[in-house]
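# build the 3D model from these lines:
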Amino acid sequence: MEKIGALVVCYGSRGVAMVDAFSRSERYAVDIYVADKQRNPFNAKRAKQHAVIPDLNIQAICKFAANFKDEIDFGIVDPEKPIIEGVRDLVEGETGIPMVCPTKEFAIEASKVAQRRLFETVAPGLNPRFKVFDPKEYSDRSKLKVDLWAWLDELDDKVAVKPDSPVAGKGVGVWGDHFMTREALFAHFISNFERGTVIVEEKVEGEESSFQAFSDGRHLAPLPETRDYKRAFDGDKGPNTGGMGSYKDVGDILPFMDADEREEALKMEGLIFEKLKGRGSNPGLRGMPCYDAFMHTNTGFKILERNSRPGDPEFINLLPIMKDDFVEVCLKIIEGRLRGIKFEKMASVVTYKVPMTYGGYRSDYAGDNLIDLTKAEGLEKVHGSRFRLYPAAVELRGNRCYALGSRAVAVFGAGESIQLARDMSLEGIRAVKGPLWYRSDIASEGHLRNSISHMEALKKGVRP
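Prediction:
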């Protein structure tokens, strides 16, 4: 077997899934070098070299990579923060290690306004109605409020308020979820506006999906559609989270979609990619230049946001059932010869188990967060490739594992149907021991039926 060195910049389960995919390569003997947010037990066991960089700052990542530049053939990045800050530009410039992620120029999630303006020039129908509020254009608050109120009148108050930068202010606020009055909306708006440009866009109703694609800079290789569950609690209630779970159907589309929607999505994504790429090849787009949140509505789909890294948890649905060797996929991306990626005809479900305080479930919880993964890890021997356990915000202290503040453990299950995959995932969830909880309706039959009936009603012009 050919020997390969791979650098993985890791934040949570998504990066752990990459480490797992590399370690299971059947074509290459892979030495893995992990730059990690904490001492993740999975990564610490499998990495040849493991560095903890709590803030994942790009200078420290580059220094770690430089120490082993003669052994590392390529690197890949899990979270968006280092990509936005230019980790590829720095590492490639300083060490010569090719990175599988877009350059800073194409980290488009750095600006929601830039996303909207890009879509407006290529495929304006993908945008919900939106208006940009720039602090440079308003010297007094009264004029600002007049313009904002006029826009709210036009949209009947059904809006989402978003800071241009993903790290500014209080983040995204949605009418009916985060505020129910204009004054409450304005308070949220101002908290963001005081830090920079704010975009206020139409709140669209429908069913959400995630579109992901890899690129070698010349070709776009779409992945199967997945569905994320952002709300904390069953029934899509509670605050938005990083994602409580996700599912993939046996084929490329989801139960509430049809083939024509998939074809339209591929066409639109191709147009956007060609606009960014220009003529020929654009190596800056190497990696995953598009992970888009779609909202399927009664008039087609809208793009809610775009990112330039894999989805968490959506990418975890795909890696374990990828037919192609993940090392080979990364090499094809770097060498400009990626034409497509093949997957098993399997459904998959990912469920997260999270700390008691996560999502406001038990804000008064003050116990320790000691967890035990032993029983769940044993299920891999029982179920083989259909089961995977990926620790996320978990820290190894001595020989004990402790959950931290964010999502703790992702459990992947695969099967010939969504329900069989869900059963596999839930078996693993129940085997993870400790003060953790999970959303119990991820990919449930009831939730799938509701999504299908919701879309049918919307297309008929009926509000269920």
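# if I read this right, residue 224 contacts residue 251, doesn't it?
Yes - look at residue 224 against residue 251 with CB atoms under 8 Å: they come within range, at 7.1 Å. To be clear about C-beta, it is placed using only N, CA and C from the backbone, and glycine gets the same treatment.
# where exactly do the helices run in this protein?
For the chain, the helices defined by DSSP state H cover 13-23, 41-46, 58-67, 80-85, 87-95, 112-122, 141-154, 182-193, 259-277, 326-335, 374-383, 418-431, 445-459.
# rebuild these as a markdown table, extending it with mean pLDDT and distance to residue 362.
What follows is those, written out as a markdown table (pLDDT from 0 to 100; distance: least, CB to CB, whole Å):
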| stretch | mean pLDDT | distance to residue 362 |
| --- | --- | --- |
| helix 13-23 | 98 | 22 |
| helix 41-46 | 98 | 24 |
| helix 58-67 | 98 | 34 |
| helix 80-85 | 96 | 28 |
| helix 87-95 | 98 | 36 |
| helix 112-122 | 95 | 33 |
| helix 141-154 | 96 | 36 |
| helix 182-193 | 95 | 25 |
| helix 259-277 | 96 | 39 |
| helix 326-335 | 98 | 37 |
| helix 374-383 | 97 | 22 |
| helix 418-431 | 98 | 18 |
| helix 445-459 | 96 | 24 |
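# what's the most buried one of those?
Across the helices of the chain, averaging neighbours per residue (mean count of other CB atoms under 10 Å) puts helix 13-23 on top, at a mean of 25.
# which elements pack onto that helix?
Helix 13-23 makes packing contacts with strand 2-10, strand 28-36, helix 41-46, helix 326-335, strand 387-391, strand 409-415 when contacts are defined by 3 or more CB pairs under 8 Å, 6 or more residues apart in numbering; DSSP states H and E.
# out of those, nearest to residue 107?
Between residue 107 and the helices and strands packed on helix 13-23, the tightest spacing by CB to CB is seen for strand 2-10, at 13.7 Å.
# which one of the helices and strands packed on helix 13-23 lies nearest to residue 349?
strand 409-415 (5.2 Å).
# okay, now the unreliable bits of the stretch 101-250 of the chain?
In the predicted model of the stretch 101-250 of the chain, residues 167-170 satisfy pLDDT under 70.
# center of the chain - which residue?
residue 311 (2.2 Å; CA atoms, centre = their mean).
# wait, isn't it in contact with residue 211?
No - checked against CB under 8 Å, the pair residue 311 and residue 211 is beyond contact range at 9.3 Å.
# now list whatever residues contact both of these two.
residue 291 (CB atoms under 8 Å, 6 or more residues apart in numbering).
# tell me how this protein divides into domains.
2-101, 129-202, 207-448 (automatic domain parsing).
# now the strands: where do they sit in the stretch 151-300 of the chain?
159-163, 173-174, 198-202, 207-215, 220-222, 227-228, 231-233, 237-240, 245-248, 287-297, 300-307 (DSSP state E, counting those that start in this stretch).
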